[in-house]
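1. With the sequence up front, the predicted model follows.
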Amino acid sequence: MKYLILTNHSHMLWQFRRDLLAALLTRGEVAVCTPFCGREEELVRLGCRLIRTEVDRRGLNPLTDLRLFFRYRRLIRAEKPDAVITYSVKPNIYGGLACRLSGVPCYVNVQGLGSAFRKKPLAALVTRMYRTALRRAERVFFENNANLTRFTENGIIRKEQAVLLPGAGVDTSLYAFSPYPSEEKGIVFLFAGRIMKEKGVEELFHAAERLKAEYRDRVRFVLAGFSEDHFSERLGALTEAEILEYCGFQTDLLPLYQSCHCVVLPSYHEGMSNVLLEGASVGRALITSDIPGCREAVLPEESGYLCPPADSEGLYRCLKRFLALTPEERAAMGRRGREHMAAFEKKTVVALTLSHLPAEENNA
């Protein structure tokens, strides 16, 4: 077998899909078409062959996107893969369309709807593009049922094409349960993700300012992740004022999960949040938005709290509820979350994915 993978981020592919890649390599060859964003050496050591291709992940320039489509067309002709596997919006659409025109089986992963679906004119355009690109896709994998339903009910794909996965899954042995840490230096809320509006950082900043004024050194807010440029000044000011502790992008979040008391993600949209799965697997309570891709990771009132998205007051109240618990109650929330992660075990997700992918060469 020869698999060609189209994605927009080499680091994220390694971080969340390396178990699947390793399994595919036992079946044959894996070529990965991706921008180089880190972890290239690890992917090569695993056995993948890398093909560097830039993807303007958030840009809306039609000429840039057209060049990406033709790049995928040429690549598929040259590589002659038995199956193409795509991740994220642009590889899904332009890779899916290239596969359709080339007659190559395509397996698409919708990891979330993205910001485009929140803007009505753009959502209509992306819907039409997805419908055209995925018409002949063999399988379309989803990480939450709401996204799957939207695609099927809007006629983007047929029901028989859809497969529901419990996210990318979490390796519960790697993200092993860690005892609840001491609260001597304050209760630590951890946010891990890109510092951007759609991750709910404005609501988090607002809540952090209020709670630091009330609790002072008894509460800490630690943030990890790339910062978008227009948040840099605000982030710097809040760090200078000791409202936040910003540690930048981290290749390994495990130490941060282990040292925090609660993971916070007030996101506006997700496919299935890996941060929430990892945090719960380590044994930490979760506070997150009541949206598809986040709510599945939480047992409400048992392993964490759900708040409305884009609601700074709602987030503040949830954080304050957690602070009002006893240390024993906070630790118990984390233990309950760890138990819940049995449904998201990485091995289960990989096995389910493999069951829908071809294991023998296409000799047609």
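-> That came through, no problem.
2. three-state assignment of residue 51?
-> For residue 51, the assignment made with DSSP: H, G, I helix; E, B strand; the rest coil gives strand.
3. Just list whatever residues bridge to the residue lying closest to it once chain neighbours are set aside.
-> Leaving aside its sequence neighbours, residue 51 sits nearest to residue 33 (C-beta to C-beta, 6 or more residues apart in numbering; 4.5 Å). Where you see a C-beta, it was placed from the backbone N, CA and C, and this is true even at glycine. Applying DSSP bridges to residue 33 gives these bridge partners: residue 6, residue 51.
4. number of nearby residues for residue 33?
-> Residue 33 is flanked by 24 other residues according to other C-beta atoms under 10 Å.
5. Distance check, it against residue 25.
-> Look at residue 33 and residue 25: by C-beta to C-beta, to the nearest Å, they are 16 Å apart.
6. what does residue 310 give?
-> Residue 310 is 42 Å from residue 25, by C-beta to C-beta.
7. for residue 100, same thing?
-> With C-beta to C-beta as the criterion, residue 100 and residue 25 are 26 Å apart.
8. Torsion angles phi and psi at residue 164?
-> Backbone torsions of residue 164, given as degrees, to the nearest 10, read phi -100, psi 120.
9. give the contact list for it.
-> For residue 164, the contacting residues are 141, 142, 144, 145, 148, by C-beta atoms under 8 Å, 6 or more residues apart in numbering.
10. how is this protein carved up into domains?
-> 2-169+346-355, 187-344 (automatic domain parsing).
11. Which residue is the nearest non-sequential neighbour of residue 209?
-> Leaving aside its chain neighbours, residue 209 sits nearest to residue 243 (5.6 Å; criterion: C-beta to C-beta, 6+ apart).
12. ditto for residue 215
-> residue 323 (6.7 Å).
13. Output the below-cut-off pLDDT ranges for the stretch 101-250 of the chain.
-> 115-116 (pLDDT under 70).
14. how far away is residue 124 from residue 177?
-> Relative to residue 177, residue 124 is positioned 45 Å away (C-beta to C-beta).
15. How about residue 212?
-> Distance from residue 212 to residue 177, by C-beta to C-beta: 30 Å.
16. Between those two, which is the more surrounded one?
-> More neighbours surround residue 212 than the other of residue 212 and residue 177, with 19 against 16 (other C-beta under 10 Å).
17. My read is that the more buried one contacts residue 219, right?
-> Yes: in this structure, residue 212 is within contact of residue 219 by C-beta atoms under 8 Å, at 6.5 Å.
18. check contacts around the residue nearest to residue 215.
-> Residues in contact with residue 323 (C-beta under 8 Å, 6+ apart) are 187, 211, 215, 218, 219.
19. just the buried members of the residues you listed?
-> 187, 211, 219 (16 or more other C-beta atoms under 10 Å).
20. Narrow the residues you listed to those in strands?
-> 187, 219 (DSSP state E).
21. Make CSV from the buried ones among the contacts of residue 323 and add distance to residue 94 to it.
-> Output for these, formatted as CSV (distance: C-beta to C-beta, whole Å):
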residue, distance to residue 94
187, 46
211, 44
219, 45
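22. what's the closest of the buried ones among the contacts of residue 323 to residue 353?
-> Checking those against residue 353 by C-beta to C-beta gives residue 187 as the nearest, at 37.7 Å.
23. give the contact list for that closest one.
-> Residue 187 makes contact with 218, 219, 220, 261, 262, 322, 323, 330, according to C-beta under 8 Å, 6+ apart.
24. helices and strands around the helix or strand the last one falls within, which ones?
-> Same thing as residue 330. Residue 330 belongs to helix 327-340 when assigned by DSSP states H and E. Helices and strands touching helix 327-340, as assessed by 3 or more C-beta pairs under 8 Å, 6 or more residues apart in numbering; DSSP states H and E, comprise helix 274-282, strand 285-289.
25. What about residue 190, how many residues nearby?
-> Using other C-beta under 10 Å, the number of residues around residue 190 comes to 24.
26. so it, which of the three states?
-> From three-state DSSP, the assignment for residue 190 is strand.
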